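**Q** mind looking at a prediction? Sequence and model below.
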Amino acid sequence: MAEQSGGVLVVGEVDNAGALRPISFEMVGAGRPLADALGQKLAVLLMGSNIGDAARSLGAAGADRLLVADDERLRDLTSEAATAVLTQVIRDVDPAVVLMPGTTAGRDYAPRVAARLGVGLAADCVELAIEDGGLVAVRPILGGRVQTAVRMPGSRPQMATVHPGSFEKATGDRTAPEAEAVPVELHEAELRVRVQETVQGGGGSADLESAEVVIGGGRGLKEPESFGLVEELAAALGGVVGATRAVTDAGWRPHHEQIGQTGRTVTPRLYMAVGVSGAVQHLVGIQGSDYIVAINRDPDAPIFKIASFGIVGDLFEVVPALTAELKAAQG
Ligand SMILES: Cc1cc2nc3c(=O)[nH]c(=O)nc-3n(C[C@H](O)[C@H](O)[C@H](O)COP(=O)(O)OP(=O)(O)OC[C@H]3O[C@@H](n4cnc5c(N)ncnc54)[C@H](O)[C@@H]3O)c2cc1C
């Protein structure tokens, strides 16, 4: 496998059915300019079970090398297994830069890999560039109020996780490079954690990260019962419901629906913010949306600064009217 060293290695992600997660295309989109700036190759690694088709689709988006760790034991990718496989691949390929997804899984295994290799890690990066031959990784600090540029001179590889929704998804449709099988060697200690059962959360929120339409409800809804308005709007648009932390902390909605810095990151075509003020910690979770529509009665609410369209009004009037119009238009 290690016929050449150097370059940029990005790690894609599949679900346990072997389907690509959208972050995978962002990983290629983030890595490609870095490889080009270094004048080196972009290698893509996918780990999972029965992932041949997924790997080819991802490779066709713009990879120069396609590394595939396809093994039944990687179906429910545990942190231990991902750490072992990725560490070995990095030792074999010897890349200059490694990018991992800043997803729940990536956030778990990335620091373990960094620790095993004895190198640093810039977490949750929103911009990446090559300067003077080295990686410059920009990441938010102080609750998103400040961005800091991290350099790791002398470190090989230079490693970062990518904040979902921060990079353009690669859309190329080239011929995928031939897949290179990665030997999967796992010791007993790396198989201690076994997934017995996967249970989906209720309310369709399991789809939040890949949803095309997300309706986010905030404290402006006043009480949990008002979320019925948000659910009806979501149903009319074929979308799913999310919430702010003010709402989940109050127990109005389950925590797994929380969007933002300490919640999930969404990248839908349309995000509608209903009674959401637009605190910076919420905005980092929605900034990758194609369109943001805000409904808020306060014309000075910060959400309007990043909204593509804004409706200043009482949500208890606007939302039912909008839902009724949508239903009427759909017959
Ligand atoms: C370390 C840290 C991490 C955090 N992480 C997150 C996170 O992951 N996600 C997150 O969301 N927050 C997070 N927060 C909290 C964040 O700072 C805000 O407090 C929170 O996002 C506010 O939620 P909200 O917009 O629902 O409520 P509010 O800020 O109270 O806003 C309610 C909005 O509703 C509007 N409104 C009221 N009534 C109506 C009406 N009838 N019609 C129309 N509009 C109306 C108001 O004008 C207001 O703008 C975090 C905070 C910290 C310190």
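**A** Received it, and whenever you're ready, just let me know what you need. Not measured: the values here are computed from a predicted model. Residues are numbered from 1 along each chain as shown.

**Q** mind listing what residue 190 touches?
**A** Residue 190 makes contact with 80-81, 83-84 under the criterion CB atoms under 8 Å, 6 or more residues apart in numbering. All C-beta atoms are positioned from the backbone trio N, CA, C, and that covers glycine.

**Q** quick check, it in a helix?
**A** Yes. The assignment for residue 190 is a helix, going by DSSP: H, G, I helix; E, B strand; the rest coil.

**Q** what's the spacing between it and the ligand?
**A** Residue 190 sits 32 Å away from the ligand, going by CB to the nearest ligand atom, to the nearest Å.

**Q** same question, residue 225
**A** 14 Å.

**Q** ok, residue 87 - contacts?
**A** Residues in contact with residue 87 (CB under 8 Å, 6+ apart) are 113, 116-117.

**Q** neighbour-wise, which of those leads?
**A** Neighbour counts for the contacts of residue 87, by other CB atoms under 10 Å, peak at residue 113, which reaches 25 neighbours.

**Q** hang on, it packs against residue 85?
**A** No. Residue 113 sits out of contact with residue 85 when judged by CB atoms under 8 Å, with a separation of 9.6 Å.

**Q** still on that earlier bit, among the contacts of residue 190, which are in helices?
**A** Using DSSP state H, the subset of these located in helices is 80-81, 83-84.

**Q** quick check, nearest of those to residue 16?
**A** Set against residue 16, the nearest of the ones in helices among the contacts of residue 190 by CB to CB is residue 81 (12.5 Å).

**Q** return the residues in contact with the closest one.
**A** 47, 73-74, 186, 190-191.

**Q** local confidence estimate at it?
**A** What the model reports for residue 81 is a pLDDT of 96.

**Q** give me the buried stretch members for stretch 252-259, please.
**A** The neighbour-count check on stretch 252-259 (16 or more other CB atoms under 10 Å) flags 252-253, 256-259 as buried.

**Q** now do stretch 39-51
**A** For stretch 39-51, by 16+ other CB under 10 Å, it's 40-49, 51.

**Q** just these that are near the ligand?
**A** Contacts with the ligand are made by none of the buried residues of stretch 39-51, judged by CB under 6 Å from any ligand atom.

**Q** get me the contact residues on the stretch 101-250 of the chain for the ligand.
**A** Contact residues (CB under 6 Å from any ligand atom) of the stretch 101-250 of the chain with the ligand: 143, 218-220, 244-247.

**Q** for these, pick the one with the most neighbours.
**A** Going by other CB under 10 Å, residue 244 tops these with 31 neighbours.

**Q** what pLDDT does the nearest residue to that one once chain neighbours are set aside get?
**A** Spatial nearest neighbour of residue 244, excluding adjacent residues (CB to CB, 6 or more residues apart in numbering): residue 218 at 4.5 Å. Residue 218 carries a pLDDT value of 98.
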